[in-house]
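# structure, please.
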Amino acid sequence: MQLRDFLPRVLNGDLMDVLQKARTAQTVKEQSAQEQQQLQQECLHLQSRLEAVQTECQREREEKLLLREQLWQSSAELQQQVSFCAGLGSAAGALLWSCSASEDTVCRWLADGKLQSFLLVAAQTLESFVRSLDEEPNTQTEDHNSQEHQFVLALAGTITNIAAVTCGRDFLSSSAHVLLDTLMRLLALMTPGAFPKLKVLMLMALYNVSISVKGLRCISENPGLLPLIWTLLDDADWEVCLHALRLLQSVLLEEEVLLLLGSALLDPDLQARVSRLTSSGPASLRLAAQQTLEDLQALHQGRGGQPSAS
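Got it, this is the predicted structure:
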């Protein structure tokens, strides 16, 4: 009777616990199923995005390869154009240099009023070339027969020919001070022994300008003139030394310039450098050095000093 009374209660309680746990388990199962379904959807979404990204990556890779090929083709075409322009510039410069040897041609250039623009472009081109030597030191030993080098030689040669003509020399002395200062500055920048032909042409241009008193005064007003001459007297190329001597001789001939430069010309180091050249190099260099040394000694005596031994 007791079992009959308590058994239903016990069983009902256990059954209720079991049912409660069953309901809880069912709820957890349903939540797990929902989460699993959600994760599957997210996985499918991520898979879809991955496929889209892979497709985009492949497309970009193909575009990159195409662009690389186009860049290579463009670089090759640009190099061809650069070579063509360099060749054209070199040829045109050579023709211009040749034409400038005629005095009538220079006079016509002056009459046309185009010479100022040419000199501005020439100065910028020469400066760009010399500056590139500092940025890339190895270029100082490159082939001197390169088209770029031939082009700047032609520009410097044309300027030299213009300065060799009286009207051209007068024009440079009065209207091309920037060009003359640029030539002196670039000569000071160039490494000793490098591009001697270019140095010689630039020195010849300065010397031709110095033939006129006005031109000599113009270049003598540049404080870098004498330091430049001193440096070039020690250049490794004898022709550079020779034209530096000729420029110095031109300076020594004008009394007004001598007064302007003052005691700098009496510096013993200058005479010593010139004296060393009297016993080295070709005969033309030794002769020019001897004449310059005599001029310096005469100047020293005229200023109350004693002659130096040669």
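# name the element residue 244 belongs to?
helix 238-252 (DSSP states H and E).
# mind exporting that helix as CSV, just the C-alpha atoms?
In CSV, the C-alpha atoms belonging to helix 238-252 read as follows (Å, rounded to 0.1, in the frame of the first residue of the first chain):
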residue,chain,number,x,y,z
TRP,A,238,98.3,69.5,-71.5
GLU,A,239,95.9,71.2,-73.9
VAL,A,240,93.7,72.3,-71.0
CYS,A,241,96.8,73.8,-69.3
LEU,A,242,97.8,75.5,-72.5
HIS,A,243,94.4,77.3,-72.9
ALA,A,244,94.3,78.2,-69.2
LEU,A,245,97.7,79.8,-69.8
ARG,A,246,96.4,81.7,-72.8
LEU,A,247,93.4,83.0,-70.8
LEU,A,248,95.8,84.1,-68.0
GLN,A,249,98.0,85.9,-70.6
SER,A,250,94.9,87.8,-71.8
VAL,A,251,94.2,88.9,-68.3
LEU,A,252,97.8,90.1,-67.8
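# avg pLDDT for that helix?
Regarding helix 238-252, the rounded mean pLDDT is 93.
# where in the stretch 101-250 of the chain is pLDDT low?
Applying pLDDT under 70 to the stretch 101-250 of the chain flags the ranges 134-145.
# circling back to that earlier point, give me the residues contacting the helix holding residue 244.
196, 199-200, 203-204, 206-207, 210-211, 216, 220, 225-226, 229, 232-235, 257-258, 261, 265, 274, 277, 281-282, 284-285, 288-289, 291-292, 295-296, 299 (C-beta atoms under 8 Å, 6 or more residues apart in numbering). All C-beta atoms are positioned from the backbone trio N, CA, C, and that covers glycine.
# and these, which of them are in helices?
Those of the contacts of helix 238-252 mapping onto helices are 196, 199-200, 203-204, 206-207, 210, 216, 220, 225-226, 229, 232, 257-258, 261, 274, 277, 284-285, 288-289, 291-292, 295-296, 299, per DSSP state H.
# can you select the buried ones among these for me in ChimeraX?
Selection of the buried residues among these in ChimeraX, burial being defined by 16 or more other C-beta atoms under 10 Å:
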select :196,199,200,203,204,206,207,210,216,220,225,226,229,232,257,258,261,274,277,285,288,289,291,292,295,296
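# let me know the distance separating residue 133 from residue 31.
79 Å (C-beta to C-beta, to the nearest Å).
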